[in-house]
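*Asks:* got a sequence here, can you model it:
(chains A and B)
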Amino acid sequence: MASELKVNTITEATAGSGITFAKDIIPATPLSHRNMMINGAMLVDQRKAGVLATNIGATDNDYRTLDRWRNIWTGGESARNSLQQVAITDLAGFSKALKIDCVTAEGGTQDADESFKMAYRFEGQDLQGMEKGFSSAKPVTVSFWVKGTASKTYMLELHQAKSTARHATQQFSVTASWVKHTYTFPGDTTNTINCDNAEGLELNLWLFAGSNYTSGSYTSKTWANVTTANRAVGISDSGKGLMNTTSDEVYFTGFQMELGSVATPFEHRSYGDEIIRCMRYCEVMTGTNVHGGLYNSSDHLGSWWFKVRKRARPTTTVSTGNQAAILNASSGDAGGTDSCYFTKTSGGMYIQNAKADCEL
Amino acid sequence: MRNIKKAQYVNGIHKGDENCMIKVTLDDDSDMWVPNECMENMDYAEIKRQVDAGELTIEEAE
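*Replies:* Residues are numbered from 1 along each chain as shown, chains lettered A, B, ... in the order given. Model prediction:
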């Protein structure tokens, strides 16, 4: 006969004995792999290894520093920011953070279309557990740590870009001390997430936004069809937010998004585990020195086998090497997600420092 | 993607690999190699957007 036991705490009967369950425990949400975000602890920075990336603005839309974190500017004029993975010593359990600094403040009147946000993009096939678009849609809980140099309000947004885009928003506050925010978004019974390798959902941190994004109304943690004017309502300083003065900066770490309505402790993963996950989207070769040989009477060819199969055929760049072309498709390898090859019509060919990038 | 100064198709050395890549030179004179007709690649998606908008022309392969 089924029964239900409602308790808040189970403690051991005998000190030191621990608690043993005689049968399987079947949780409503996962015991492992809870955190659906990669690099939430800001550990992996393959592109810059902690070096500052600065003077970012205008329409810059790229991954400049930490893996999986995209900076997105629209309509920017004079304002510029910097990004950097930094070491922190004032938050137990976390040693790295993403620092976002205002290096040139927004002077004068902020244009309506100006905006700056940091975005984390989830692959659709990794979000099927949300059951989004079904009557059984599950809530997700987002938690993170944030600190700034002044008291500010910014916007957290979950955004699904489909033909009828959906979003849910939540304002969050920043002070001069580390604060942990925890927000539960209800399940959304509208718009399924395609089970493929494309973007399924975007987590946005709106830090600067003109009236195109702030002139609407704000409803906390409620899914709705996207109204652009509602996306970043309430950002401090009439929308100037982080870009108000050059003394403004903000730090983020400890991001976790998990199924269910409870924020569990941050799921710490090893650096090795985390960087392998990141490499599905970007892999940086540092000093490996891969050579090639004679392929036919005139062409030399070498192969760079990726450590991790890529989400999609990547864009490749070489910062140190001696090659004429980089290619990642051939008639027998339509995918090109496992390797690329490089060519030259003379000897001495190699690549040494390179990047294969297929971020969302 | 940063501003594109030049884009040019690239042929592979295998049969059937004509125009399989696009060599993109950015405004800082760095080169990147983007897989052609791969909409899953965000750089190609941006190149296609610019071509469709008449903002960019891709030169023929050498």
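*Asks:* what strand or helix carries A:Leu98?
*Replies:* Following DSSP states H and E, one finds A:Leu98 within strand A:96-104.
*Asks:* next secondary structure after that strand?
*Replies:* Where DSSP H and E defines the elements, the next helix or strand beyond strand A:96-104 is strand A:115-123.
*Asks:* that following strand packs against which elements?
*Replies:* Contact analysis of strand A:115-123 by 3 or more C-beta pairs under 8 Å, 6 or more residues apart in numbering or on different chains; DSSP states H and E lists strand A:70-74, strand A:199-209 as its packing neighbours. C-betas here are computed from N, CA, C, even on glycine.
*Asks:* which residues does that strand contact?
*Replies:* Contact with strand A:115-123 is made by A:36-37, A:57, A:68-76, A:79, A:81, A:98, A:100, A:197-210, A:212-213, A:232, A:242-243, A:252, A:255, A:311, A:359-360, as judged by C-beta atoms under 8 Å, 6 or more residues apart in numbering or on different chains.
*Asks:* can you pull up the bridge partners for the residue positioned nearest the centre of chain A?
*Replies:* Nearest to the mean C-alpha position of chain A, counting by C-alpha atoms, centre = their mean, stands A:Tyr120 at 2.8 Å. Legend: beta-bridge partners of A:Tyr120 under DSSP bridges are A:Leu203.
*Asks:* quick one: the helices in chain A?
*Replies:* Secondary structure of chain A (DSSP state H): helices located at A:211-214, A:271-279.
*Asks:* kindly report the same for chain B.
*Replies:* In chain B, the segments counted as helices under DSSP H are B:42-52.
*Asks:* close to chain A: what parts of it are there?
*Replies:* Residues of chain B lying near chain A by C-beta under 8 Å from any C-beta of the partner chain: B:1-2, B:10, B:12-17, B:20-21, B:23, B:30-36, B:38, B:40-44.
*Asks:* excluding chain neighbours, what is closest to the spatially most central residue of chain B?
*Replies:* In chain B, the residue lying closest to the centroid (C-alpha atoms, centre = their mean) is B:Ile22, at 3.1 Å. Counting by C-beta to C-beta, 6 or more residues apart in numbering or on different chains, B:Val34 is the residue found nearest to B:Ile22 once chain neighbours are left out, at 4.6 Å.
*Asks:* any idea how far A:Trp178 is from the closest residue to chain B within the stretch 101-250 of chain A?
*Replies:* Per C-beta to the nearest C-beta, the residue of the stretch 101-250 of chain A with the smallest distance to chain B is A:Asn197, at 6.3 Å. Separation of A:Asn197 from A:Trp178 (C-beta to C-beta, to the nearest Å): 35 Å.
*Asks:* again, but for A:Val7
*Replies:* For A:Val7, the distance to A:Trp178 (C-beta to C-beta) stands at 32 Å.
*Asks:* between the two, who's got more neighbours?
*Replies:* Of the pair A:Val7 and A:Trp178, A:Trp178 is the one with more neighbours under other C-beta atoms under 10 Å in any protein chain shown, namely 19 against 6.
*Asks:* domain parsing for chain A?
*Replies:* Following automatic domain parsing, one finds the domains of chain A at A:53-276, A:281-357.
*Asks:* mean pLDDT lowest for which of the ones you listed?
*Replies:* In terms of mean pLDDT, the lowest-scoring of the domains of chain A is domain A:281-357 (a mean of 88).
*Asks:* can you get me a residue count around the closest residue to A:Cys358 other than its chain neighbours?
*Replies:* In this structure, A:Cys358 finds its nearest non-sequential neighbour in A:Pro314, 4.0 Å apart by C-beta to C-beta, 6+ apart. A:Pro314: 28 surrounding residues under other C-beta under 10 Å.
*Asks:* for A:Val140, same thing?
*Replies:* 26.
*Asks:* pretty sure it contacts A:Gln256?
*Replies:* No. Using C-beta atoms under 8 Å, A:Val140 is not in contact with A:Gln256, being 10.1 Å away.
*Asks:* give the contact list for the closest residue in space to A:Gly347 that isn't next to it in sequence.
*Replies:* Spatial nearest neighbour of A:Gly347, chain neighbours left out: A:His300 (6.3 Å); criterion: C-beta to C-beta, 6+ apart. Neighbour list for A:His300: A:Gly292, A:Gly293, A:Leu294, A:Thr343, A:Lys344, A:Thr345, A:Ser346, A:Gly347, A:Met349 [criterion: C-beta under 8 Å, 6+ apart].
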